[in-house]
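>>> Quick one, what's the 3D model for this:
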Amino acid sequence: MKKFLLCVLTLFTLVTITGCGKEETYEYNYSATEVVEKIENDETFVVYLGTTTCSHCLAYGKLVPEYNKKYGVKIGHVVLDEVEVNEPEGYDALMAIFPIEYTPTTYFVIAGEIAGSVVGALEEDQIVEELIKYGFLDEGAKGNE
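You can find the predicted model right below:
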């Protein structure tokens with residue numbers, strides 16, 4: 001009986017330790033207010049603005065978590081059509097800062113200032129080039145695409 005209880009306890013412990021782990025998704029969704037606060041706090045970050053009705057945004061949204069994981073970066077995302085409805089004041093504040101014409105648009109913000117932006121769903125070599133250009137990645141990352 002003791003062996004049986006020991007086996008059950010060991011199995012329970014293994015299931016608890018390995019089965020309850022939360023896997024990192026590498027998706028970083030921001031509200032409009034969070035992005036505006038990052039700007040006001042002079043933070044350095046990368047964010048892309050997209051919508052749920054844009055096919056390029058949806059395709060890019062599948063690639064960005066892979067880029068985040070592979071390169072150890074944190075490219076955030078704001079879903080414009082959702083924040084426009086759920087957060088109208090934050091949306092207006094965001095639009096006053098980010099001059100967006102097309103989606104998706106990726107912004108590179110350094111110390112609270114927009115250093116640059118690129119329109120479109122960026123391929124891996126393109127995003128790596130931009131991340132290096134704005135200091136989010138070292139030049140050595142170039143050969144890893």
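>>> Mind exporting the C-alpha coordinates of stretch 30-40 to PDB?
Output of stretch 30-40 as PDB, limited to C-alpha atoms (Å, rounded to 0.1, in the frame of the first residue of the first chain):
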ATOM      1  CA  TYR A  30      -1.500  47.000 -25.700                       C
ATOM      2  CA  SER A  31      -4.400  49.300 -25.100                       C
ATOM      3  CA  ALA A  32      -4.200  52.800 -26.600                       C
ATOM      4  CA  THR A  33      -3.800  54.200 -23.100                       C
ATOM      5  CA  GLU A  34      -0.800  51.900 -22.400                       C
ATOM      6  CA  VAL A  35       0.900  53.200 -25.600                       C
ATOM      7  CA  VAL A  36       0.200  56.800 -24.800                       C
ATOM      8  CA  GLU A  37       1.600  56.300 -21.300                       C
ATOM      9  CA  LYS A  38       4.700  54.700 -22.700                       C
ATOM     10  CA  ILE A  39       5.200  57.800 -24.900                       C
ATOM     11  CA  GLU A  40       4.600  60.200 -21.900                       C
END
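>>> That stretch: how far from the chain's middle?
The chain centre lies 13 Å from the centre of stretch 30-40; the measure is C-alpha atoms, centre = their mean, to the nearest Å.
>>> got it, and stretch 44-57?
That offset, for stretch 44-57, works out to 9 Å (C-alpha atoms, centre = their mean).
>>> can you give me the end-to-end distance of stretch 69-76?
13 Å (C-alpha to C-alpha, to the nearest Å).
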